[in-house]
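S.K.: Build the 3D model from these lines:
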Amino acid sequence: MAEFCAAESERPSRRGERLTEVSLRPAAGVAAKPGTATERGKEIVTPAILTPMRNTAKFLALGALTLVLAAGLLASRALHAQAQGAAPAPARPPAPTGAQTPTIRVNTDLVSMDVIVRDGKGQFVADLKPSDFEVYEDGVKQEIVSFVLSHGGRIYNQKAPPAVASQEGVFLPASRPTTDASGRVFLIFIDDFNLDFRVTPKTRELLGKMLKSLIHEGDMFGIVTTGTSSITQQLTYDRQILESAISRITGNGLKPSEILNQSQWGSQGPIEVRHRTHLAFSVAYDLMKNLERVQNRRKAVIYLSSGYDFNPFQKTRFDQAVERLHTTAENLTFDPFQITQESQNALNEADLVNEIVTLTRAANRANAVIYTIDPRGLIAGQDVDEAINQTDYNDWVREQQTTLRELAEETGGFAIVNQNDFDKGLKRIDAETSDYYLIGFYSTNPDPTKRSRKLDVKVRDGLSVNHRSAYSLKPLQRPK
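M.R.: Down below sits the predicted model:
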């Protein structure tokens, strides 16, 4: 390959610039080949236009770089201004450093119960301490957190109960008389919708006796009726209200002949009887829910009614059916329709039991004792204007009195039925509501599915204890 050496020379350009020319010569000692640029004995000169083109390219590259830098600077300023005008992005919450333990809150209600302790002579024992009692729920011992003794109408707090916030639904008087020391609350419930009109004089006389021997100065009481007497009196200390209400009480119950009226019967038994009974229990149930908000006081419900029966006068109705269908008793006994009807009547009795259970559970939740009274007193027989089979009539009265006993005994009270000596029963109610222990505890059983719970109280040997045997949790609230 030919070797060349470069030689530079300067000459002025057309515009006064100094241009550099580069000439290529063969290197020393190297002969030029024929056909090359040196072949004619003169130097080959590079065109002068190449050098200014290189310089122009340099200037063009420098200008492009400047434009790029300027564009970048403008873009940076625009982004900075836009970032200052925009709202700052919300900060992200810090990541949890460890596993969080869920918090479970359980609301526990104070369970209160009235306890009456008597010795072998039937006298109230008033010298017991909290340590002398053992309270069990479903066989599990509970810790007593409140303990109140009421003796002779006086209150003695030996272990203060927890403070209770005021609740809506019950109107309490703004102030209490200075003579009030018993803390008793009486609710007089008169089921005049199920009291015969002919019992009205006895009912008014009984209320007069209650005013004299049971409700004392300082006792708080209320009056509610279910029928046409239309009396609803909130809790008050004013005894004159009871005096004015006595003259307004009027029985409006059904007679046996009206119950036997076939137009009053349906597939589920006596329609009107069921309606009146359900109305009475519904009103009483609402009252128990209100009494549940009255805490740390002795609550007694005086329940006046003739009782209830959803399957009355079976023999009389059977005889009427034989006569109406022009058949014999034997044929009607094996009649399929009659058999079905008797089965339905048995279910009707189960409905009545359910009404009683629902009401007594509500009373136990409110720690209210029900004392039932039948104003009819001692019942010798039916009235002369009633043509009822005597056996049927006796069974009907017995069934009514049985329902009153169940209402009372399931709540720790007793029934005054089939007797004319109301004074004796009222004095016993007065004694039981004046001498008692009020014991409270928080259940240690957190299981909400265990709705009904049995109670048991034990004291030292030789003493008898009277208290309610069970209580039930509040009904679960349905989601709205």
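
S.K.: how is this structure carved up into domains?
M.R.: The record's domain parsing of the chain by automatic domain parsing lists 4-60, 112-472.

S.K.: hey, where'd the helices end up in the stretch 351-480 of the chain?
M.R.: Ranges of helices in the stretch 351-480 of the chain, per DSSP state H, counting those that start in this stretch, are 390-409, 422-434.

S.K.: try the chain
M.R.: All helices of the chain, identified by DSSP state H, fall at 50-85, 200-213, 239-246, 256-259, 271-291, 314-325, 329-333, 336-365, 390-409, 422-434.

S.K.: With mean pLDDT and mean neighbour count added, can I get the ones you listed in CSV?
M.R.: C-beta: built from backbone N, CA, C; applies to glycine. Listed next are the helices of the chain as CSV, based on pLDDT from 0 to 100; neighbours: other Cβ atoms under 10 Å:
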stretch, mean pLDDT, mean neighbour count
helix 50-85, 52, 10
helix 200-213, 93, 16
helix 239-246, 88, 14
helix 256-259, 87, 16
helix 271-291, 93, 18
helix 314-325, 83, 15
helix 329-333, 83, 12
helix 336-365, 87, 16
helix 390-409, 93, 19
helix 422-434, 93, 17
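
S.K.: Turn those into a markdown table, columns for distance to Y303.
M.R.: Output for the helices of the chain, formatted as a markdown table (distance: least, Cβ to Cβ, whole Å):
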| stretch | distance to Y303 |
| --- | --- |
| helix 50-85 | 78 |
| helix 200-213 | 12 |
| helix 239-246 | 16 |
| helix 256-259 | 21 |
| helix 271-291 | 7 |
| helix 314-325 | 26 |
| helix 329-333 | 39 |
| helix 336-365 | 10 |
| helix 390-409 | 6 |
| helix 422-434 | 11 |
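
S.K.: Of those helices, give the one that comes closest to R298.
M.R.: In terms of Cβ to Cβ, the element of those nearest to R298 is helix 422-434, at 5.3 Å.

S.K.: Distance from the chain centre to the closest one, please.
M.R.: Offset of helix 422-434 from its chain centre (Cα atoms, centre = their mean, to the nearest Å): 35 Å.

S.K.: OK, contacts around H151?
M.R.: Residues in contact with H151, defined by Cβ atoms under 8 Å, 6 or more residues apart in numbering, are 124, 126, 434-435.

S.K.: make that V457, sorry
M.R.: 113, 115, 133-136, 439, 465, 467.

S.K.: Low-confidence ranges, the stretch 51-200 of the chain, go.
M.R.: Across the stretch 51-200 of the chain, the ranges flagged by pLDDT under 70 are 51-108, 160-183.

S.K.: Please put the alpha-carbon coordinates of stretch 189-200 into CSV.
M.R.: Output in CSV follows, covering the C-alpha atoms of stretch 189-200 (Å, rounded to 0.1, in the frame of the first residue of the first chain):
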residue,chain,number,x,y,z
PHE,A,189,-102.2,-4.9,87.2
ILE,A,190,-106.0,-5.3,86.9
ASP,A,191,-107.1,-7.6,84.0
ASP,A,192,-110.6,-6.3,83.9
PHE,A,193,-110.9,-7.7,80.4
ASN,A,194,-111.1,-11.1,82.1
LEU,A,195,-113.0,-10.2,85.2
ASP,A,196,-116.7,-10.9,85.2
PHE,A,197,-118.9,-7.8,85.7
ARG,A,198,-120.5,-9.4,88.8
VAL,A,199,-117.1,-9.5,90.5
THR,A,200,-116.7,-5.7,90.3
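
S.K.: Show me which of the contacts of H151 are buried.
M.R.: Burial by neighbour count, 16 or more other Cβ atoms under 10 Å: within those this picks out 124, 434-435.

S.K.: hang on, the earlier thing: closest to L304 out of the helices of the stretch 351-480 of the chain?
M.R.: helix 390-409 (9.8 Å).

S.K.: distance between that closest one and the chain's centre?
M.R.: Here helix 390-409 shows a centroid-to-chain-centroid distance of 35 Å under the convention Cα atoms, centre = their mean.

S.K.: hang on, the earlier thing: sort out which one of the contacts of V457 lies nearest R317 for me.
M.R.: H467 (41.5 Å).

S.K.: Which residue, other than its chain neighbours, is closest to the closest one?
M.R.: Spatial nearest neighbour of H467, chain neighbours left out: V115 (4.6 Å); criterion: Cβ to Cβ, 6 or more residues apart in numbering.

S.K.: now L463
M.R.: In space, and not counting its chain neighbours, L463 is closest to V117: 5.4 Å by Cβ to Cβ, 6+ apart.

S.K.: which ones are touching the one you found?
M.R.: Applying Cβ under 8 Å, 6+ apart, we find V117 in contact with 124-125, 128, 437, 459, 463-466.

S.K.: got a winner among these for most neighbours?
M.R.: Among the contacts of V117, the one with the most neighbours (other Cβ atoms under 10 Å) is Y437, at 27 neighbours.

S.K.: ok, what's across the strand from that one?
M.R.: According to DSSP bridges, the partner residues bridging Y437 are V115, L149.

S.K.: so what's it up against?
M.R.: Counted by Cβ under 8 Å, 6+ apart, Y437 has contacts 114-117, 128, 133, 147-150.

S.K.: and if we set it to 7 Å?
M.R.: For Y437, the contacting residues are 115, 117, 128, 149, by Cβ atoms under 7 Å, 6 or more residues apart in numbering.

S.K.: As JSON lines, the contacts of V117 with distance to D109 would be great.
M.R.: Shown next, in JSON lines, are the contacts of V117 (distance: Cβ to Cβ, whole Å):
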{"residue": "F124", "distance to D109": "28"}
{"residue": "V125", "distance to D109": "29"}
{"residue": "L128", "distance to D109": "25"}
{"residue": "Y437", "distance to D109": "20"}
{"residue": "V459", "distance to D109": "25"}
{"residue": "L463", "distance to D109": "29"}
{"residue": "S464", "distance to D109": "29"}
{"residue": "V465", "distance to D109": "23"}
{"residue": "N466", "distance to D109": "23"}
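
S.K.: So which of those residues sit within strands?
M.R.: Among the contacts of V117, DSSP state E puts 437, 464-466 in strands.

S.K.: what's the closest of the residues you listed to S472?
M.R.: Nearest to S472 out of the ones in strands among the contacts of V117 is N466 (Cβ to Cβ; 19.9 Å).

S.K.: What is the burial count for the closest residue to the closest one other than its chain neighbours?
M.R.: Once flanking residues are discounted, N466 sits nearest to I116: 4.3 Å by Cβ to Cβ, 6+ apart. Other residues within reach of I116, judged by other Cβ under 10 Å, total 18.

S.K.: got a list of what the residue lying closest to K129 once chain neighbours are set aside touches?
M.R.: Excluding the flanking residues, the one nearest K129 by Cβ to Cβ, 6+ apart is Q158, at 6.8 Å. Q158 makes contacts with 129-130, 147, 149, as judged by Cβ under 7 Å, 6+ apart.
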